[in-house]
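**Student:** Coordinates for the following, if possible.
(one chain, ligands or ions: 1)
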Amino acid sequence: MSKETVWECEVCGDEFDTKKKCLIHEKNHQKKKSNNNKNTVIKYEYLEITLNISGGVPGKKNVELLDEYGQDGWELITVVAPNAPIAFTSVPVTKTLIAYFKRKIN
Ligand SMILES: [Zn+2]
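**Tutor:** Residues are numbered from 1 along each chain as shown. Coordinates of the predicted model:
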C-alpha cells in the first residue's frame, strides 16, 4: 500500500507529485488535503500482556508497566481476569490479569 504525497498549486489546484512551483502561476505547491475516505481509515494494532495481581514484574508496579507501554503509544483497552482453578478447591483463583492494548497504525 503506497500513500504518495500529492501537491497542488495554491491558485489553480493542479496536482503535482513533487513540491515545485506551478509553472504557470509560480506559486508554491501546497500539500493536498486528502478527501478520499479510503485513505483515512484508521487502523489499529493490538498487544496482549500478562500482569500479576500482586504487582507487575519484580521491582515494578503494574501502573509503572502500563506507563511504559503508554509511552510507546499503547492505550490500555481492557483487563481480563481469567479464572484459573487450583488443585483441591473448586474456588476459582486468579493470580494473573491479561491486559489488552491498542495503538494506531500510521
Ligand atoms: Zn497553478
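**Student:** Could you use CA atoms for every contact and neighbour count after this?
**Tutor:** Noted.
**Student:** what secondary structure does the residue of the chain found nearest the ion sit in?
**Tutor:** Nearest to the ion in the chain, going by CA to the ion, is residue 12, at a distance of 4.2 Å. The assignment at residue 12 comes out as coil when based on DSSP: H, G, I helix; E, B strand; the rest coil.
**Student:** Number of residues surrounding it?
**Tutor:** Counted with other CA atoms under 10 Å, residues neighbouring residue 12 total 11.
**Student:** residues contacting the spatially closest residue to it that is not a sequence neighbour?
**Tutor:** Distance criterion CA to CA, 6 or more residues apart in numbering; nearest residue to residue 12, sequence neighbours excluded, is residue 25 at 8.0 Å. When contacts are counted by CA atoms under 8 Å, 6 or more residues apart in numbering, residue 25 is found next to 9, 11, 12.
**Student:** Could you pick out the one among the residues you listed with the lowest pLDDT?
**Tutor:** Least confident entry in the contacts of residue 25, by pLDDT: residue 11, with 83.
**Student:** isn't that one right up against residue 30?
**Tutor:** No: with contact defined as CA atoms under 8 Å, residue 11 does not reach residue 30; the gap is 9.8 Å.
**Student:** Looking at these two, which is more packed in?
**Tutor:** Ranked by neighbour count (other CA under 10 Å), residue 11 and residue 30 place residue 30 first, with 18 against 14.
**Student:** Who is the more buried one paired with across the strands?
**Tutor:** Here residue 30 sits in beta bridges with residue 8, as judged by DSSP bridges.
**Student:** and it, how far is that from residue 21?
**Tutor:** Remark: distance between residue 30 and residue 21 (CA to CA, to the nearest Å) = 10 Å.
**Student:** Can you work out which residues contact both of these two?
**Tutor:** residue 9.
**Student:** picking that back up, pick out whichever of the contacts of residue 25 sits closest to residue 99.
**Tutor:** residue 9 (48.2 Å; CA to CA).
**Student:** Could you chop this structure up by domain?
**Tutor:** The record's domain split for the chain, according to automatic domain parsing, is 1-41, 43-105.
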